[in-house]
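>>> my questions are about this predicted structure, shown below with the sequence.
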Amino acid sequence: MHNTFAEAQAQFITGDYDAALASFQHLSSREPLETMPLAGMALCYYALGKTPHARRMWKIIVSRDERYLLPRFLRKELGWPDAMLETARKVNELVV
């Protein structure tokens, strides 16, 4: 299966967090230095109730790129859908 970020986002939006997590993990394995798949994984962990994992991963992401703390960046630059933006807001509250 050839996963793309858009497919992983769609899985997240529909609430299929396990599939979205697997897709983001697959993307991350192909591009380990990219922050977007890691951020997607953090959101999935949060949605799956794995808050400590989400918090730890989000801290790593923010240490690489502080713009992930900014909703405008997530919405405008990354084009995240509302479901991901809302979850990112909640994860940000764990870190800030």
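Yep, it's here. Numbers count the residues shown, from 1 in each chain.

>>> low pLDDT regions in this protein?
In the predicted model of the chain, residues 1-3 satisfy pLDDT under 70.

>>> quick check: which element contains the most centrally placed residue in it?
Residue closest to the mean C-alpha point of the chain, counted by CA atoms, centre = their mean, is G40 at 1.9 Å. Element membership of G40, judged by DSSP states H and E, is helix 35-47.

>>> the helix or strand just after that helix: which residues count as buried?
Counting by DSSP H and E, the next helix or strand C-terminal to helix 35-47 is helix 51-64. Neighbour counts over helix 51-64 (16 or more other CB atoms under 10 Å) mark A54, R55, M57, W58, I61, V62 as buried. Backbone N, C-alpha and C define where each C-beta goes, glycine included.

>>> which of those residues sit farthest apart?
Taking CB to CB as the measure, those span a maximum distance of 12.1 Å, between A54 and V62.

>>> any buried residues in stretch 83-94, and which?
By neighbour count on 16+ other CB under 10 Å, the buried set for stretch 83-94 is M84, T87, A88, V91, N92.

>>> give me the subset of those lying in helices.
M84, T87, A88, V91, N92 (DSSP state H).

>>> and the fourth one, how far from R30?
When CB to CB, to the nearest Å is applied, the distance between V91 and R30 equals 23 Å.

>>> possible to save the buried residues of helix 51-64 as JSON lines with distance to A19?
Putting these into JSON lines (distance: CB to CB, whole Å) gives the following:
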{"residue": "A54", "distance to A19": "17"}
{"residue": "R55", "distance to A19": "22"}
{"residue": "M57", "distance to A19": "18"}
{"residue": "W58", "distance to A19": "21"}
{"residue": "I61", "distance to A19": "21"}
{"residue": "V62", "distance to A19": "26"}
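
>>> returning to that earlier point: so what's the spatially closest residue to the residue nearest to the centre of the chain that is not a sequence neighbour up against?
Counting by CB to CB, 6 or more residues apart in numbering, the nearest residue to G40 once its immediate chain neighbours are dropped is F24, at 3.8 Å. Contacts for F24 (CB atoms under 8 Å, 6 or more residues apart in numbering) come out as A8, P37, L38, G40, M41, C44.

>>> alright, I will stop here.
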